[in-house]
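In: fold the following for me, if possible:
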Amino acid sequence: MAATMPFSSLPLPGPASAGLLSFAAPAAACDHLFNPTVFRSSTGVVCLFRGVSADGTRRVFRCELAEDFRPIGVPVDWTAELAARGEAPAWVADPRAFSFQGKQFVTFNTGHSRRPNELFVVEVNDAGRPTAAPLPVHLPTGRRLIEKNWGFFPCGDRLFAIYTLDPLEILACTFVEGRLVCEPAWRHDWLADHIRSPFGPLHGGSSPCMLDGRLVTVFQSRSRGDDGFEYAGNMLELEPGAPFAPLAAGPWPLFALDDEERRMQPDHKLNARVTHCLYPAGLVAGPGIGRFSITYGINDLACGYRTYDAADVFKRLVPLTRIAGVRELHAPPAVPMPRSAAVRTFHWQPRRAILGTPAELDSGRFVFGNVGDSLQRHLTAALFGMHTLHAEQGSRRLLGAGSIAHRAQPGDVIWGSGFKDQPLALTEAEKASIEVRAVRGPLTAEYLSRNGVAVPPDVPFFDPGQLVGEILPDEIAACRRASPPPRGLLLVPHYKDTAVWLDRFSAVDRRFRSVDCDLYVMLREMLAAELVVSSSLHGIILAEALGVPAVLLRPPASEPFAKFEDYYLGTGRTAFPVIDDPDEAARVRLATPARLPLEWRRSVPSTQSLEARGLTVPILPLSGPIACPTNAAELLLEIGRFAGGRFVVNVSLAEPGAARLVFSVAGDLLHDVVLSSDAAASVFITFDGRTLEERGGLVLLGVTPVGSGVAARVRLDTDFPPDNCPETPSGGAAPRPALS
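Out: Model (predicted):
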């Protein structure tokens with residue numbers, strides 16, 4: 001479940017101008033006018049927006065706007081105009097505008113009025129009026145029961161569409177025999193955890209648009225708070241040409257309701273679970289050079305617009321880490337195959353940790369996670385092209401970034417970890433099963449040897465954080481381009497010091513960066529500093545990896561000093577300065593730059609060795625009948641196609657035997673069932689697709705034998721609850737995904 005974070009505490013871009021789109025009341029009484037899309041025509045700006053009639057029917061209206069987004073005239077019932085052009089649905093929702101080959105088009109869908117719902121596209125003139133009958137949009141590979149907001153955009157003489165954002169799936173679209181056929185073209189897996197975990201799943205908003213040579217789209221994410229859902233907007237930049245790889249995004253939502261908009265609430269909510277909603281629906285260049293405007297719905301009630309300086313927004317985007325490059329989807333396999341894999345890793349997760357000392361100044365709980373520990377996700381993606389699967393215990397894991405060597409378990413691989421001086425409560429045989437490929441420094445090597453773990457005599461010394469410059473060169477180059485010239489100090493406190501530092505060392509010429517942030521936010525701010533002063537070890541390590549001078553400010557007594565000594569000794573430095581106040585930084589002689597050993601490359605385990613040691617978990621798309629591999633005790637099921645509602649999985653034995661099946665997500669148990677050919681060999685299990693999507697869309701399935709022998713092969717097949725199933729939180733029956 002997404003964490004709750006007030007958007008007022010985030011640095012958001014300020015609009016150059018903003019306001020409400022105050023439409024005169026359409027002919028049909030509508031209490032709700034919202035989600036406006038816009039496009040530029042030869043005469044000005046055209047706006048199409050959703051209206052909800054008194055009987056609940058969704059309709060679309062159109063209106064021309066002046067350059068300052070002032071509505072001109074009375075809105076026209078676009079739904080009636082559409083019906084006059086031929087057969088059209090009575091329920092029309094979510095208009096989105098795009099241009100292609102010199103023509104203007106609008107897409108729309110039938111919302112929740114039909115199961116499955118339908119998507120259409122229609123050509124319109126300069127005023128937005130339909131010039132032909134709507135054409136159905138067809139996806140031959142199948143889609144979910146309720147879908148909307150595909151982001152159509154042109155490139156050259158071809159038409160494409162964003163199908164999903166996380167992962168980014170691109171469709172290639174062709175007008176064929178009275179319909180628009182959209183076929184899967186490319187898929188890009190990328191690390192979206194830093195956005196999705198705090199702010200909810202990512203969904204489409206506006207059609208992509210070229211702005212100052214950048215292909216961007218404004219999307220929305222939905223966080224779940226104590227009193228309901230909150231929607232906010234963000235920006236994603238793609239490569240301007242095929243295969244349209246994701247390049248950068250806001251590290252958090254960049255567009256949120258202001259205080260006045262938050263107070264605008266309808267007398268009757270269309271969705272009782274939504275408390276505040278900024279829903280981006282339109283994106284257009286101008287007015288003015290170097291500016292763009294977004295149009296958006298406000299709390300399912302009203303329409304708003306904002307104009308931004310493009311450079312101000314673009315500089316806030318941070319690079320994205322992609323996983324395994326691009327995957328061609330032109331010829332999908334006849335049967336589901338593992339699309340990728342995840343590496344079991346372990347890093348410290350601050351679930352209950354407080355940023356600072358509550359007795360002195362309570363600065364709140366973590367939102368994004370501790371950057372030094374969570375950077376393992378980026379390393380795994382860059383080095384192995386895989387996701388990470390966090391494993392607390394019970395499985396073999398790769399131990400990388402962090403002071404975690406003392407948390408080693410049987411079969412683990414230690415690669416660059418440090419330690420805290422705690423005994424390893426393992427048997428001799430269990431210690432013998434641990435492989436050491438690299439450690440942070442000689443103190444970690446001595447600790448492991450003292451505790452009975454074999455350490456190679458030539459084991460490399462380095463911390464994985466030192467590798468960011470080597471394995472993420474393009475991302476760091478993007479950070480450099482977005483960073484201003486270096487100036488002044490950047491203070492990076494250990495998370496326990498955050499509140500104390502803010503209270504004790506605050507000054508106008510000093511900048512603070514909490515370790516509760518995404519990796520690229522940290523790197524970009526370090527690149528804008530002349531000197532980093534840190535009591536966080538990874539504050540020192542990351543700065544030095546970028547070539548930014550760094551000095552250690554003495555950590556609190558509760559944080560072991562040995563981990564700092566271990567790092568400096570591992571980089572060949574027997575002496576290093578320690579200061580007690582940032583003002584001392586200008587008077588000390590800084591340590592010599594860190595050296596990264598050349599042999600670090602040979603220490604990186606191959607993907608084959610990770611698989612052979614049982615550290616990888618295959619990922620299977622749960623989009624049709626699949627049989628679990630007999631050689632895999634665990635696998636990850638990707639449920640992205642079933643997001644948004646409840647669905648059920650029919651679990652059955654594909655051969656005689658007995659097996660225990662444990663379904664979990666992010667370490668939390670979902671279902672635990674036992675199947676036996678001597679008893680019930682099949683069971684339907686219900687899943688909440690909305691909750692799973694919020695938590696990453698990957699469900700871990702463990703299959704173990706019951707009794708003696710090996711586990712029987714298991715078959716998984718999707719099915720759907722009946723129409724009279726209980727209502728979902730959004731009101732109305734849960735969507736039922738459609739099979740291919």
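In: quickly list what the residue lying closest to S664 once chain neighbours are set aside is bridged to.
Out: Nearest residue to S664, sequence neighbours excluded (Cβ to Cβ, 6 or more residues apart in numbering): L700, at 5.0 Å. All C-beta spots, glycine's among them, are computed from the backbone N, C-alpha and C. Counting by DSSP bridges, L700 forms beta bridges with L636, S664.
In: surely L700 touches F663?
Out: Yes. Assessed by Cβ atoms under 8 Å, L700 is found in contact with F663 at 7.2 Å.
In: the helices in the stretch 451-600 of the chain, which residues?
Out: Taking DSSP state H, counting those that start in this stretch as the criterion, the stretch 451-600 of the chain contains helices spanning 468-471, 473-482, 498-504, 519-527, 537-545, 562-570, 600-603.
In: in a markdown table, list these along with mean pLDDT and mean neighbour count.
Out: As requested, the helices of the stretch 451-600 of the chain are exported to a markdown table (pLDDT from 0 to 100; neighbours: other Cβ atoms under 10 Å):
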| stretch | mean pLDDT | mean neighbour count |
| --- | --- | --- |
| helix 468-471 | 92 | 17 |
| helix 473-482 | 94 | 16 |
| helix 498-504 | 84 | 19 |
| helix 519-527 | 96 | 25 |
| helix 537-545 | 97 | 26 |
| helix 562-570 | 96 | 21 |
| helix 600-603 | 93 | 14 |
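In: how much space between the residue nearest to S664 and I619?
Out: Using Cβ to Cβ, to the nearest Å, L700 is found at 10 Å from I619.
In: which residues are in contact with each of the two?
Out: Shared contacts of L700 and I619, defined by Cβ atoms under 8 Å, 6 or more residues apart in numbering, are found at L635, L636, L637.
In: closest to P423 among those residues?
Out: Checking the shared contacts of L700 and I619 against P423 with Cβ to Cβ, the nearest one is L636 at 33.5 Å.
In: so what's the closest one up against?
Out: Per Cβ under 8 Å, 6+ apart, neighbours of L636: A342, L389, V617, P618, I619, L620, L698, V699, L700, L701.
In: show me what contacts the residue positioned nearest the centre of the chain?
Out: For the chain, the residue nearest the mean C-alpha position is A192 (2.1 Å; Cα atoms, centre = their mean). By Cβ under 8 Å, 6+ apart, the contact set of A192 is L165, D166, L202, L320.
In: tabulate the residues you listed in TSV, adding columns for distance to F647, pLDDT and secondary structure.
Out: Output for those, formatted as TSV (distance: Cβ to Cβ, whole Å; pLDDT from 0 to 100; DSSP: H, G, I helix; E, B strand; the rest coil):
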residue	distance to F647	pLDDT	secondary structure
L165	21	94	coil
D166	19	91	coil
L202	20	93	strand
L320	29	96	coil
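In: A478: which of the contacts of L636 is nearest?
Out: Nearest member of the contacts of L636 to A478, counting by Cβ to Cβ, is A342, at 25.8 Å.
In: partners of the closest residue to T616 other than its chain neighbours in the sheet?
Out: Leaving out its chain neighbours, the residue that sits closest to T616 by Cβ to Cβ, 6+ apart is A341, at 4.7 Å. Under DSSP bridges, the beta-bridge partners of A341 are P618.
In: where does E261 fall, helix, sheet strand or coil?
Out: helix (DSSP: H, G, I helix; E, B strand; the rest coil).
In: number of nearby residues for it?
Out: For E261, the count of nearby residues is 19 (other Cβ atoms under 10 Å).
In: how about it, what does it touch?
Out: Here E261 is in contact with L278, I298, N299, G304 (criterion: Cβ under 8 Å, 6+ apart).
In: the last one and G282 touch, don't they?
Out: This points to G304. No. Between G304 and G282 there is no contact under Cβ under 8 Å: 10.4 Å.
In: quick check: closest non-adjacent residue to A83.
Out: A83 sits nearest to A90 (Cβ to Cβ, 6+ apart), 7.9 Å away.
In: would the one you found count as being in a helix?
Out: No. Assessed with three-state DSSP, A90 is coil; it does not lie in a helix.
In: T57 is in contact with that one, correct?
Out: Yes. Counting by Cβ under 8 Å, T57 is a contact partner of A90 at 6.5 Å.
In: quick one, which of these two is more surrounded?
Out: T57 (17 against 11).
In: any idea how far that one is from R510?
Out: 58 Å.
In: again, but for P71
Out: Taking Cβ to Cβ, one finds P71 at 48 Å from R510.
In: then R143?
Out: On the measure of Cβ to Cβ, R143 and R510 end up 52 Å apart.
In: can you check R480 too?
Out: 22 Å.
In: equivalent analysis for L675, please.
Out: 61 Å.
In: and those two? Which one has more around it.
Out: For L675 versus R510, the count of surrounding residues by other Cβ under 10 Å is larger for L675: 23 against 15.
In: quick one, domains of the chain?
Out: Domain assignment for the chain by automatic domain parsing gives 7-325, 337-615, 623-719.
In: where among these is average confidence lowest?
Out: Of all the domains of the chain, mean pLDDT reaches its minimum on domain 623-719 (a mean of 82).
In: any idea how far it is from the chain center?
Out: 25 Å (Cα atoms, centre = their mean, to the nearest Å).
In: repeat that for stretch 406-415.
Out: For stretch 406-415, the separation from the chain centroid amounts to 28 Å (computed by Cα atoms, centre = their mean).
In: quick check: end-to-end length of it?
Out: Terminal residues of stretch 406-415 lie 13 Å apart, using Cα to Cα, to the nearest Å.
In: over to stretch 429-444?
Out: 20 Å.
In: quick one: that stretch to chain centroid distance?
Out: Centre to centre, stretch against its chain (Cα atoms, centre = their mean), the figure for stretch 429-444 is 33 Å.
In: next: stretch 213-223.
Out: 12 Å.
In: from C63, how far out is G44?
Out: Distance, G44 to C63, using Cβ to Cβ: 11 Å.
In: which neighbours do those two have in common?
Out: I72.
In: these two: which is more packed in?
Out: Neighbour totals were compared for G44 and C63, and C63 leads with 24 against 13 (other Cβ under 10 Å).
In: what about L596, how many residues nearby?
Out: 18.
In: so it makes contact with F461?
Out: No. Between L596 and F461 there is no contact under Cβ under 8 Å: 9.9 Å.
In: what touches both of those two?
Out: By Cβ under 8 Å, 6+ apart, the residues touching both L596 and F461 are T571.
In: dump stretch 92-109 to CSV, restricted to CA.
Out: Taking Å, rounded to 0.1, in the frame of the first residue of the first chain, the C-alpha atoms of stretch 92-109 are listed here in CSV:
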residue,chain,number,x,y,z
VAL,A,92,-18.8,8.5,-23.9
ALA,A,93,-15.9,9.1,-21.5
ASP,A,94,-12.3,10.2,-21.3
PRO,A,95,-11.6,12.1,-24.6
ARG,A,96,-8.0,12.4,-25.5
ALA,A,97,-6.7,14.4,-28.5
PHE,A,98,-3.8,13.5,-30.9
SER,A,99,-2.6,14.5,-34.3
PHE,A,100,-1.5,12.2,-37.1
GLN,A,101,-0.5,12.9,-40.7
GLY,A,102,-1.8,16.4,-40.6
LYS,A,103,-5.2,15.3,-39.2
GLN,A,104,-6.7,15.6,-35.7
PHE,A,105,-8.2,12.7,-33.9
VAL,A,106,-9.9,12.1,-30.5
THR,A,107,-10.1,8.8,-28.7
PHE,A,108,-12.7,7.9,-26.1
ASN,A,109,-14.1,4.8,-24.3
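In: list the buried residues of it.
Out: Neighbour counts over stretch 92-109 (16 or more other Cβ atoms under 10 Å) mark 92-100, 104-109 as buried.
In: wait, what's in contact with Q376?
Out: T345, H347, T388, G400, A401, G402, P464.
In: make TSV out of these and add distance to P484, neighbour count and secondary structure.
Out: As requested, these are exported to TSV (distance: Cβ to Cβ, whole Å; neighbours: other Cβ atoms under 10 Å; DSSP: H, G, I helix; E, B strand; the rest coil):
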residue	distance to P484	neighbour count	secondary structure
T345	34	26	strand
H347	31	22	coil
T388	32	25	strand
G400	32	29	coil
A401	28	30	coil
G402	31	28	coil
P464	28	26	helix
